[in-house]
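Engineer: After the sequence you'll find the predicted model.
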Amino acid sequence: MVTHSRQPSADDPRVLLDQEIGVFEPVPPYPPRTEREAEFYTLGDGEMFVNMGPQHPSTHGVLRIVLKLNGEQVVDLDPVLGYLHRGVEKICENSDYHHIVNQLDPLEYISSLFMEWPYVQAAEKLLDLEVPRRAEYIRVLSGELNRIASHALFMGWFALDLGGLTPILWSFIERDEIVEMLGALTGARMLFNYFRIGGVNGDLNHEFMSRLGSWMSRAATQIEANTKLLNENEIFVRRARGLGRMDREMALRMCVTGPNLRATGVPFDVRRAHPYSIYPELDFDVPTRTEGDSLARYLLRVDEVKQSLRIIDQCLHQMPDGPIMARIPRLIRPRPGRAYGAVESPRGQYTMYMISDGTDQPFRLRIHDPSFVHLGSVGRLVPGNLVADTMAIMASLDPVMGGVDK
Amino acid sequence: MALTPDAPGAPGGAAPGDVTAGASGQAGTMPVAMPADSSRALTEAIVVPNSLWTSANPIAYNGGRPAEITHLREWAQTEDARRDNARWGALEVIPTKADYVLDLIRANSLWPLLSGLACCAIEMMSAATSKNDMDRWGMFPFRASPRQADVLIVAGTLTTKMSGPLLRLWEQMPEPKWCVAMGDCTVSGGRYKRSYSTVEGIDRIMPVDVYVPGCPPRPEGLIFGMMKLQQLVKDRRGHWPERMVGPNVPDGV
Ligand code: SF4
């Protein structure tokens, strides 16, 4: 008779308690599995490994990068992902369609609305649903506000990773102001859970509008003042210029999207290239830059903030009356089929691909996050630079680890 | 001084008021001049004579005589040091009456570790920056190294892959340390309770002092939790031995 003794699984955290805590080895404990691994984990003359992360003050989450250094120069690097893998795609396959919106929020914890948006878009395509115009306007309005909050945080973080502490204090003022405003609209400060399949959760209310009004009256000058802190700082400009230069070819080959792509001179913006929602009716520019370095990526985001302010202004002037939700049942069973939703987020093109099998839960939900793609290009941008520039280049790409590991 | 028996002059350092005795650069003069024999200088104790003040009590401070014990290493040779019954359990601290005072200082200068795991970290940073300025309650300098930190604010989802490194961070922090679980994910698993890759609450792997629920908690919530922690540090003054060192969750849960 075979008796099965209960072995603790390797994933059981209680196993860790019995392990001795020694030196955190950068080299994995198993023999190399690929040629690339074998090549990377062989040290050349005068080279050494340095572990960066998973706890590092500026990795924007939990990311481990094994750096191969020669002196202070990075020769090669190997990112180790998965420290924040929460199994969201699997949870989504077991949630009903309305609950999924809530599960998607924490993936993109800086601008949550942009993670909900492609999902509701895909679900509406499956259901052939007409979204009321007022709901679309509210989506665009709140989305652009969220974009500004995200870019404000980016400016602070980028400066922080270059060694400047002041800008983050300023950018968090703007960010807190905007999320408080969105909190009045949606009920939460960070994980909004606001978009619904067929509309939005709540109508514009008095507190939101009064906060928005007082913020809009000073937003342009305030943002101007905040960016002056960096734009006219010679140390910052000299340090960021030419750092991590990505050319057009490389950006296109690596499937980079969003501001990082536009900083290389490609005017690709999902809002214009594949228009969705009410963006075709709105008047805004797609700013581009040609240098493709960290400074260009930063300046491009500053330009985008100005365009977002324009969009918000137009939304407020054109806001129609009407319902904010389409009439849909509590339990939805879309027809079997596939749908695809894509939006332009502050980070790039967020995409969701959904397969429905006719039940109340999706058969498969594939989440595509641009942060993951951008992180892939770090391996091309960083080697040759100094260690201190690693974080600066990473910060200029603006990844969010929640979406990278899902 | 006993470590350098060939030291010139009176053993045990200079007597109070004896300012001319150490003109040759021996220990006891102030300032300590760089002596010619540098190998000896490293082992010599630096004794600064008290030339400013004398006690009214004639027998206080050894009656003005130099102390017999001038060096910790010398003290380590004595009987007192070997009679060390002050180690309590697994804690590497010596609980004394001084902790009553030190804990007041600790409570008002909590240095958190700058370690964010996921979404909650953004709100933690928001709590530390301009609008909600935690600095006002003495919890500011976010340290980047665990060796300089007092409080581990676990902000964000703890996955099984990350639990090893997090435990390591906790072990690396020097002993008077506290842990704050921020967010539903770290309190109980929260919205990832049914996920295959997360730890359902960090109290499965480390002791937690304060739980701050919410997904995410508002920055004010975190500040409230930290103020509770301050209160708790003060309440537990002198009760080090009773403190939990391992996971809070009983076996089999
Ligand atoms: S509690 Fe909520 S906000 Fe905090 S880490 Fe978990 S999912 Fe994110």
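Structural biologist: Alright, I've got the coordinates.
Engineer: And residue A:381, how close does it get to chain B?
Structural biologist: Distance of residue A:381 to chain B, given as CB to the nearest CB, to the nearest Å: 24 Å. (Each C-beta comes from the backbone N, C-alpha and C, glycine too.)
Engineer: Nearest residue to that residue in space, please, no chain neighbours.
Structural biologist: Closest residue in space to residue A:381, ignoring its immediate chain neighbours: residue A:244 at 4.2 Å, by CB to CB, 6 or more residues apart in numbering or on different chains.
Engineer: can you pull the contacts of that neighbour?
Structural biologist: For residue A:244, the contact set (CB atoms under 8 Å, 6 or more residues apart in numbering or on different chains) comprises A:293-294, A:381-382, A:385, A:389, A:392-393, A:396-397.
Engineer: what residues does the stretch 51-200 of chain B put near the ligand?
Structural biologist: With the criterion set to CB under 6 Å from any ligand atom, the stretch 51-200 of chain B comes near the ligand through B:118-120, B:156-157, B:183-185, B:190-191.
Engineer: Out of those, which sit inside helices?
Structural biologist: Judged by DSSP state H, the subset of these located in helices is B:120, B:184-185.
Engineer: what about the stretch 1-150 of chain A, any weak spots by pLDDT?
Structural biologist: Applying pLDDT under 70 to the stretch 1-150 of chain A flags the ranges A:1-24, A:57-60.
Engineer: Can you show me the strands along it?
Structural biologist: Along the stretch 1-150 of chain A, counting by DSSP state E, counting those that start in this stretch, strands occupy A:47-52, A:64-70, A:73-80.
Engineer: Could you do chain B as well?
Structural biologist: Ranges of strands in chain B, per DSSP state E, are B:151-155, B:178-182, B:210-212.
Engineer: before we move on, back to that, same list, the strands of the stretch 1-150 of chain A, but as TSV with distance to residue A:98 please.
Structural biologist: Below are the strands of the stretch 1-150 of chain A laid out as TSV (distance: least, CB to CB, whole Å):
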stretch	distance to residue A:98
strand A:47-52	40
strand A:64-70	36
strand A:73-80	35
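Engineer: Most tightly packed of these?
Structural biologist: Stretch with highest mean neighbour count among those: strand A:64-70 (a mean of 20; mean count of other CB atoms under 10 Å in any protein chain shown).
Engineer: which residues touch the nearest residue to residue A:46 once chain neighbours are set aside?
Structural biologist: With sequence-adjacent residues excluded and distances taken as CB to CB, 6+ apart, residue A:46 is closest to residue A:70, at 5.8 Å. Neighbour list for residue A:70: A:44, A:46-47 [criterion: CB under 8 Å, 6+ apart].
Engineer: and which of these is nearest to chain B?
Structural biologist: Taking CB to the nearest CB as the measure, chain B lies nearest residue A:47 of the contacts of residue A:70, at 24.3 Å.
Engineer: is that closest one in a bridge, and if so with what?
Structural biologist: Beta-bridge partners for residue A:47, by DSSP bridges, are residue A:70.
Engineer: Stretch A:360-376 and chain B, are they touching?
Structural biologist: No - counting by CB under 8 Å from any CB of the partner chain, chain B has no neighbours in stretch A:360-376; the shortest distance is 13.5 Å.
Engineer: should've said stretch A:100-108
Structural biologist: Yes - using CB under 8 Å from any CB, stretch A:100-108 comes into contact with chain B via A:102-103, A:106.
Engineer: Neighbour-wise, which one of those leads?
Structural biologist: When neighbours are taken as other CB atoms under 10 Å in any protein chain shown, the top entry among the residues of stretch A:100-108 next to chain B is residue A:106 (29 neighbours).
Engineer: Let's verify the residue lying closest to residue A:357 once chain neighbours are set aside: helix, strand, or coil?
Structural biologist: For residue A:357, ignoring the flanking residues on the chain, the nearest one in space by CB to CB, 6+ apart is residue A:363 at 4.2 Å. Secondary structure for residue A:363, judged by DSSP: H, G, I helix; E, B strand; the rest coil, is strand.
Engineer: How about the contacts made by residue A:363?
Structural biologist: A:93, A:355-357.
Engineer: now with 10 Å?
Structural biologist: Contact partners of residue A:363, counting by CB atoms under 10 Å, 6 or more residues apart in numbering or on different chains, are A:93, A:336, A:338, A:354-357.
Engineer: same question, residue A:256
Structural biologist: Contacts of residue A:256 (CB under 10 Å, 6+ apart): A:246, A:250, A:262-264, A:266, A:268, A:292, A:348-349, A:370, A:373-374, A:376-377, A:397.
Engineer: Now with 8 Å, please.
Structural biologist: A:246, A:264, A:348, A:370, A:373-374, A:377.
Engineer: can you give me the strands in the stretch 151-300 of chain A?
Structural biologist: Under DSSP E, counting those that start in this stretch, the stretch 151-300 of chain A gives strands at A:195-196, A:199-200.
Engineer: Including distance to chain B, mean neighbour count and mean pLDDT, could the ones you listed go into CSV?
Structural biologist: Converted to CSV, those look like this (distance: least, CB to the nearest CB, whole Å; neighbours: other CB atoms under 10 Å in any protein chain shown; pLDDT from 0 to 100):
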stretch, distance to chain B, mean neighbour count, mean pLDDT
strand A:195-196, 17, 24, 90
strand A:199-200, 20, 26, 89
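Engineer: which residues sit against stretch A:120-133?
Structural biologist: Residues outside stretch A:120-133 that contact it (CB under 8 Å, 6+ apart): A:97, A:101, A:195-199, A:276, A:278, A:320, A:322-326, A:328, A:332, A:334-335, A:337, A:339-343, A:352-354, A:356.
Engineer: ok, 6 Å please
Structural biologist: Residues from elsewhere that reach stretch A:120-133 (CB atoms under 6 Å, 6 or more residues apart in numbering or on different chains): A:97, A:195, A:197-198, A:320, A:322-323, A:326, A:334, A:339, A:341, A:352, A:354, A:356.
Engineer: So what would you say the end-to-end distance of it is?
Structural biologist: 15 Å (CA to CA, to the nearest Å).
Engineer: Over to stretch B:175-189?
Structural biologist: The straight-line separation of the ends of stretch B:175-189 (CA to CA) is 27 Å.
Engineer: likewise stretch A:63-81?
Structural biologist: One end of stretch A:63-81 to the other measures 6 Å (CA to CA).
Engineer: next one: it to chain centre, how far?
Structural biologist: On the basis of CA atoms, centre = their mean, to the nearest Å, stretch A:63-81 sits 23 Å off its chain's mean C-alpha point.
Engineer: Stretch A:257-266 too?
Structural biologist: Per CA atoms, centre = their mean, the displacement of stretch A:257-266 from the mean C-alpha position of its chain is 15 Å.
Engineer: buried stuff in that stretch?
Structural biologist: Residues A:257-264, A:266 are the ones in stretch A:257-266 that count as buried (16 or more other CB atoms under 10 Å in any protein chain shown).
Engineer: okay, these in TSV with pLDDT next?
Structural biologist: Output for the buried residues of stretch A:257-266, formatted as TSV (pLDDT from 0 to 100):
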residue	pLDDT
A:257	90
A:258	88
A:259	90
A:260	90
A:261	90
A:262	90
A:263	90
A:264	90
A:266	88
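Engineer: how close does the residue nearest to residue A:261 when sequence neighbours are not counted sit to the ligand?
Structural biologist: Using CB to CB, 6+ apart and skipping the chain neighbours, the partner closest in space to residue A:261 is residue A:251 (5.2 Å). Per CB to the nearest ligand atom, to the nearest Å, residue A:251 is found 31 Å from the ligand.
Engineer: What of residue B:233?
Structural biologist: Distance of residue B:233 to the ligand, computed by CB to the nearest ligand atom: 24 Å.
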